[in-house]
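Undergrad: here is a sequence with its predicted model. Questions after.
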Amino acid sequence: MLKTNGLTKKYGAFTALNALDLEIGEGDIFCLLGANGAGKSTTINLFLNFIEPTSGNATINNLDVNEHALETKQVLSYIPENLMLYPSLTGLENLDFFCGLGGKSYSKAELETLLQQSGLQTDFIDKRVQNYSKGMRQKVGIALARAREAKVLLLDEPTSGLDPKASNEFSELLLEMKDKGVTTLMATHDLFRAKDTGTHIGIMKEGVLVEKFESKDVSFQDLERLYLKHMHN
Amino acid sequence: MDKVTKTIIRYEWASFVRNKFQLLLLAIIFLFGMYAIYYGTSVVEEQQKTIADVQIIEEDEFHQYQVSFDEELNSVDAKRKRDIASDPSYAWFRHGYHAVLPPHKYAALAIGQRDLHPYYHRLTGMSLYYQLFENEIANPVKLYVGNFDLSFVLIYLLPLLIIAFTFGLYSIEKESGVLALLRIQSISIRKIIAIRLLFYFMLITGFALLISLIGLLVSGNMFADENLLAALLWLVGVILYSAFWFGLMFLIISFFKSSAFNAICAAGCWLLFLLVIPAILNVWMTTKFPVDTIHLAELTRRTGLENENDEKERAEVLSEFLKYNPQYKGSDSLFHNNEYAKVYAAFTTLKDSHSKKDVDAYSQLISKRNQWVNQFLWINPAVNMQDAFALISKTDLNTFLNYQFALTTFHKKITSFYFEKLFWDKPITQEDYSKRPIFKMKENDQRWNMVLYSFLKIVIITFLFGIMGFKKMKKVTN
Amino acid sequence: MKTSIRIAKKEIKIALREKLVLALSCIILVLLGISLYTGAIAYQQQQEAITKAQKEKREEWLGQGDKHPHIAAHFGTFIFKPKTVLSLFDFGLDTYTGTSVYLEAHYQHQFMFRPAQDHSSMIRFGELSAALVLQILMPLLIIFLAYASFTREKERGTLRLLSSQGITLTSIAWGKIMAYFIILLVILVPFVLGILLLSYLLKTPDTITDLGIRIVLLGAAYMAYIFMFIVLSVLVSLKSSISRNALLTLLTCWILFTIIIPKTVANLGESLYPLPSMKIYKEAILKDKKDGLDGKTPRAVRMAQLEKELLTKYKVDSVQQLPFNFDGVKMQAGEEYGDKVYDVHWGRLLDLFNKQNKLGSYASLLNPYIALRNISMGFSATDLNTSVDFQKKVENYRRVFIKKMNDDMAQNSKYGEFYEYSVGLDMWKSVEDFEYNTPSIYATLKKYTLELTSLFCWTVVLILLLNYITRKTKPTNG
């Protein structure tokens, strides 16, 4: 579903991402671990076509994201570390607006159901987003991904700053999406969450993917040891 | 309209309605617009009242003359009245004719130079230039500050409204972080920006058209034949001017900089077009083509013969007069009857002939200055628009120059009417009053072409900005 | 204090790295340069032309030959309004007040030829003078310089960092204010040098009094204005949560202060106290001269009274027996009555002007721009007060000179003779040439107490407010 071939991004002399070859199958949840500046966000931004690769390419469903920018965007949804919405619109209206941009329209009841399914408290649905907590906004993001019927979910540290309960709810939602065949690429610092939620785990360091394994193959202790080993040298 | 466009517009409307600051801004500008219309119409009404007064004065004066023919000549007063009415040697410098430049109905919307130039003149057969240079009473502070008319609201305040509504179209989303979600949509950012700009263009232009329509309806009947074209052109002008500012904002937004940068840039452009460029051009013109009105001051002096009793001087004046006006040569009575009146008439006419060169040079210089400065209108749609509004409502400088020219022709008619009698020793009869000269002014038949030409300039510069913005935006990947 | 200086140094360093600030400073400097250059050229052109014309008119007066003094009184002379050297700094109302006047017996002529009449309506966009740059553009530079002074630190979190080191908001604010003030003063150095150089080069005879004090006061007023605007900008930045809001608030203030309020106030003044039209004004004067100020004592009655009085006083039966020429006395009496009538009407007109402008003075309490604009014009002697003072002095000169002619006629000519009597060069020489000096700076200061109070209060109140708010506000918001 998601694939990169020698994907490289350079900023002058600095190499943010070095010849990344990655393949993520349909329904997988791939968690990218790594220190700040390791190239996790760069990888996600390249999939989103927010930036252009220096060399190599990234494809979604075998379509090059740079050449088929609009088509690939139709199948993906994105939740950044801090999802921002229009503060003067309600959660429901934000959802309706962004769905509309994707050419999808839902009835009000359908939108409400989507938000409820994504865990948003009912009494907040019609409140303006300026009153929302970060976790609530992330939930609207999930609702949006569902509404868009996204096949691919790109997440950039979506749980950082969330309290454990909210974080847990978020993981549950991801797993639910996985069961529907959604492919997820998530950058995170949270080893526990990666092990718990992810089907695959990759560790990045200075723009290079140094480790890649299925999460069922390692215990949490091994994962932590492995991670710290890479961080220390 | 596709579904996506509808969604964008629906939510743009929602956020517009919820933004109290923007609504307040619209309300304030609307009130300013209403005040401007009120102020403009009151100025024009005042001028119309003055014109009516002036016309009554003239009617009264000539009515008295005509009545005096039917009165018994049994008192000195009655005899004097009859003399003034019938004897050309009094009548030529006593009878006052009013030339009037009535305000166009829409002068109320663009007062232009109407508060500065006199718009009526009382002319007698005496020296034209002595009577031509008149002043209208005005408070210099007020002249300096300028008129709060509708053209001011449209030219100065409308762009501010446009800037306030659009400077953050892209950048505020970027700064607040919403942009990320917009960028993953399968619709390009450029299209989103274009749709929203179009939405605000409709909204604000509609708003400006509404104020204009109120103005056009209040100050005159828009559907009257003489007003319809002017009103339509006014409305077209409003649309074009609004489009120009939207084009400029599109270009500024296409740089994808911060909202503060956009606001500063837009405010800078506003200042450049509405203050800096015209202010520089004005002083540049003044220093490049200095106008010497000091020279003309001499024309306002009342002069007469050095010594009326000097027969030689009188003869000199008359013979020089005949050189310019050979049609009176045949009059053998020239040097006999009524010589003082004739010599004085000849003297003032000669004075005009002598000063004609200076006055013409002055008018030509004014026209030349204007032509020179008009070539810069290409780079300044604001002044260009002001010019077009003044043209539409006949308050431009050209109208006043034409009016002065018409005054010259009118004065010639007056002098020949009286001099025919004076120099041929004929009395003025009651029937002659029906053949009195009447003031006429030629319409500027180039007016509409000039307005359309101004519009063309704005259209071109708008397209230029639009295309530049489009190209710039295309470079940014989505 | 020490911390403030440290902060000031940091701010200056940051400002110097901002391309926008540097570019704007350069633009303002260039504009100041252009305005001084064109101002100096215009001043020289006008001054030369006026001096030359005034000399010519004097020679014309002296060389008019022998004639009856009353004919000379009608021959009259011209006065041209001299430019003050400070007008090259602030044009003030010079473009909108008449430049020349014709002085003759019986009539008070109007000042003619307002320079604005030679322009198209573009003149209403303003003229580039150093005063315009400093009054309108300088605040904009200040806004761009200071709008983000606090908000940027809030957005980046550096404000908390500063506060955590025990630095008070008050000293941070004063450090910033100091920095901006120093930057602006440095920008103005070349300009001030330019002015000093120009005033050294343009050593023409001038009409302005207390030039030194005027320049110092102008400098002080502009410094206060600039300082006040800096404090205002920093204050708004302190109270705003994000830079964009600070910028928008300040830009709104700027447009209200410099464009919208001045225009509204001046237009409102005209609506509240409407001016008569010139025609009506002149008719009223003529009517009062004819029928008497009370409307019941026509000219003939007044003259008969005078005759009776004089006959009783000198105990003679007929005017021929009077020891002077009664015609001359009558002439002067008519003149004086005319002056009285004129004073009433002109007084009324000036009263209307004053009422209209007083509104502006009151508005200056709310709008520091109006305060500075009026003060600047006043100190540069290009305001309405100076213009009126000039007109009054010219009118007095006319009265003295006409009285001299009439008295000579009364004393030295015989009753009934006119062309037989003439005077010559000695008489003409005894009429001194007109020389004008502006009112003293103290008289000017008195006229602008409201404006001076306004500028003072704005500065003090803003400083107090800043100190109060910085003590109250916690650095944690935003």
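TA: Okay, I see it. Residues are numbered from 1 along each chain as shown, chains lettered A, B, ... in the order given.

Undergrad: for the residue nearest the centre of chain A, give me its contacts.
TA: Chain A has residue A:155 as the residue nearest its centroid, 1.4 Å off, counting by Cα atoms, centre = their mean. By Cβ atoms under 8 Å, 6 or more residues apart in numbering or on different chains, the contact set of residue A:155 is A:44, A:78, A:79, A:184, A:185, A:186, A:187, A:188. All C-beta spots, glycine's among them, are computed from the backbone N, C-alpha and C.

Undergrad: ok, now how distant is the fifth one from residue A:70?
TA: To residue A:70, residue A:185 is 20 Å away according to Cβ to Cβ, to the nearest Å.

Undergrad: who's more crowded, the two?
TA: Taking neighbours as other Cβ atoms under 10 Å in any protein chain shown, residue A:185 and residue A:70 compare with residue A:185 leading, 25 against 12.

Undergrad: next, give phi and psi for that one.
TA: phi -120, psi 120 (degrees, to the nearest 10).

Undergrad: wasn't residue B:121 part of a strand?
TA: Yes - when DSSP: H, G, I helix; E, B strand; the rest coil is applied, residue B:121 is found to be in a strand.

Undergrad: what are the C-alpha coordinates of stretch B:258-270, in PDB please?
TA: Taking C-alpha atoms only, stretch B:258-270 is exported to PDB below (Å, rounded to 0.1, in the frame of the first residue of the first chain):
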ATOM      1  CA  SER B 258       2.800  35.500   7.200                       C
ATOM      2  CA  SER B 259      -0.400  37.400   7.800                       C
ATOM      3  CA  ALA B 260       1.500  40.300   9.300                       C
ATOM      4  CA  PHE B 261       3.600  40.500   6.200                       C
ATOM      5  CA  ASN B 262       0.500  40.500   4.100                       C
ATOM      6  CA  ALA B 263      -1.100  43.200   6.200                       C
ATOM      7  CA  ILE B 264       2.000  45.400   6.100                       C
ATOM      8  CA  CYS B 265       2.400  44.800   2.300                       C
ATOM      9  CA  ALA B 266      -1.200  45.700   1.600                       C
ATOM     10  CA  ALA B 267      -1.200  48.700   3.900                       C
ATOM     11  CA  GLY B 268       2.000  49.800   2.100                       C
ATOM     12  CA  CYS B 269       0.400  49.500  -1.300                       C
ATOM     13  CA  TRP B 270      -2.600  51.400  -0.100                       C
END
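
Undergrad: is chain C within reach of it?
TA: Yes - residues of stretch B:258-270 contacting chain C under Cβ under 8 Å from any Cβ of the partner chain: B:259, B:260, B:261, B:263, B:264, B:267.

Undergrad: for chain A, see how far away the third one is.
TA: Think residue B:261. Here residue B:261 is placed at a distance of 20 Å from chain A (Cβ to the nearest Cβ, to the nearest Å).

Undergrad: how about the contacts made by that residue?
TA: So residue B:261 contacts B:171, B:255, C:20 (Cβ under 8 Å, 6+ apart).

Undergrad: okay, now the unreliable bits of the stretch 101-250 of chain C?
TA: For the stretch 101-250 of chain C, applying pLDDT under 70 flags the ranges C:203-206.

Undergrad: sorry, back to before: so which of the contacts of residue B:261 sits lowest on pLDDT?
TA: Lowest pLDDT of the contacts of residue B:261: residue C:20, 76.

Undergrad: where does chain B dip in pLDDT?
TA: Using pLDDT under 70, chain B drops low at B:1, B:306-308, B:330-338, B:476-478.

Undergrad: longest helix of it?
TA: helix B:20-68 (DSSP state H).

Undergrad: close to chain B: what parts of chain A are there?
TA: Proximity of chain A to chain B is confined to A:48-50, A:52, A:69-71, A:73-74, A:76-78, A:80, A:82-89, A:93, A:96-103, A:105, A:141, A:144 under the rule Cβ under 8 Å from any Cβ.

Undergrad: quick one, longest helix in chain A?
TA: helix A:164-179.
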